[in-house]
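1. Build me a model:
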Amino acid sequence: MFQIRIHGRGGQGAVTAAELLSVAAFLEGRHAQAFPNFGSERTGAPVMAFCRIDDLPIRVREPVTQPDALVIQDPTLLHQVNVFEGLRPGGSVLINSARPATELGLGDLTDRALTVPATALALRHFGRPVPNSALLGGLAALTGCVAIESLGAAVRERFPGELGAANAASAQEAYDHVRAQRAQREEQAHAQAD
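-> Here you go, the predicted model:
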């Protein structure tokens, strides 16, 4: 089972992101569940959403405490909330930031984290600072948890018309961005090994 925890703030689409990810998995014929966890429902308050994906039926129903991947929708949460709590060894981290992970003060987690300027992509593609679709595209590239084609289909199903197309385009651009970062990181690691 692959488990994802999404940290964001109210209004950034964390709950919708978890739902879109689960729909993408369903479109691939897999099992998935998505659900939120938040104390205050006001815009800007910290929120968490969870998604599980598996080839078998999912029977567990509690929050994801040991994620395989983290998505951080708002980098201000990095030093306000313990977003890395329970991250499994070898787990992946994707952060919404235009800055590289090496500049975010992540310590030992720097090697497992990548960044994508998801808010900037959202603003450019559809004019709203809602980074969820772009971050899911980046997550697909980082972890392979769903195919970018399935994610695009889920986004267009949820948001028909121009908005869906624009969200899918932001997801694709983020996917390409993260794939390029991963390739660059692998090249550097290979060069250091030689």
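
2. For the rest of this, base every contact and every neighbour count on C-alpha atoms.
-> Noted.

3. how about the strands in the chain?
-> Secondary structure of the chain by DSSP state E: the strands cover 2-9, 31-37, 46-54, 69-72, 92-96, 113-116.

4. The longest one to strand 31-37, inter-axis angle?
-> So that's strand 46-54. 170 degrees (axes from the mean of the first three to the mean of the last three C-alpha atoms, to 10 degrees).

5. which residues are contacting strand 46-54?
-> 1-10, 14-15, 18-19, 21-22, 25, 30-40, 58, 63-64, 77, 145 (C-alpha atoms under 8 Å, 6 or more residues apart in numbering).

6. one more time with 7 Å, if that's ok
-> 1-10, 14-15, 18, 22, 25, 30-38, 63-64 (C-alpha atoms under 7 Å, 6 or more residues apart in numbering).

7. repeat for the fourth one
-> Judged by C-alpha under 7 Å, 6+ apart, the contacts made with strand 69-72 from elsewhere in the structure are Q3, I4, R5, I6, H7, G8, G91, S92, V93, L94, I95, N96.

8. would you turn those residues into TSV with pLDDT?
-> Below are those laid out as TSV (pLDDT from 0 to 100):
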residue	pLDDT
Q3	98
I4	98
R5	97
I6	97
H7	95
G8	93
G91	96
S92	96
V93	97
L94	98
I95	97
N96	97
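
9. Would you mind putting those into CSV with distance to G137 and neighbour count alongside?
-> Converted to CSV, the contacts of strand 69-72 look like this (distance: C-alpha to C-alpha, whole Å; neighbours: other C-alpha atoms under 10 Å):
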residue, distance to G137, neighbour count
Q3, 16, 22
I4, 14, 28
R5, 15, 28
I6, 14, 27
H7, 16, 27
G8, 16, 27
G91, 17, 19
S92, 14, 21
V93, 13, 27
L94, 11, 24
I95, 12, 26
N96, 12, 25
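
10. Run through the helices of this protein in chain order.
-> Assigned by DSSP state H, the helices in the chain fall at 14-27, 118-126, 132-143, 148-158, 161-193.

11. Which among the contacts of strand 46-54 count as buried?
-> 3-10, 14-15, 18, 22, 25, 30-36, 63-64 (16 or more other C-alpha atoms under 10 Å).

12. Centroid-wise, who is the farthest residue in the protein?
-> D194 (32.6 Å; C-alpha atoms, centre = their mean).

13. now the protein, which segments are flagged as low pLDDT?
-> Regions of the chain meeting the criterion pLDDT under 70 cover residues 38-42.

14. again, only this time at 90
-> 10-13, 36-46, 61, 79-81, 102, 105, 107-111, 185-194 (pLDDT under 90).
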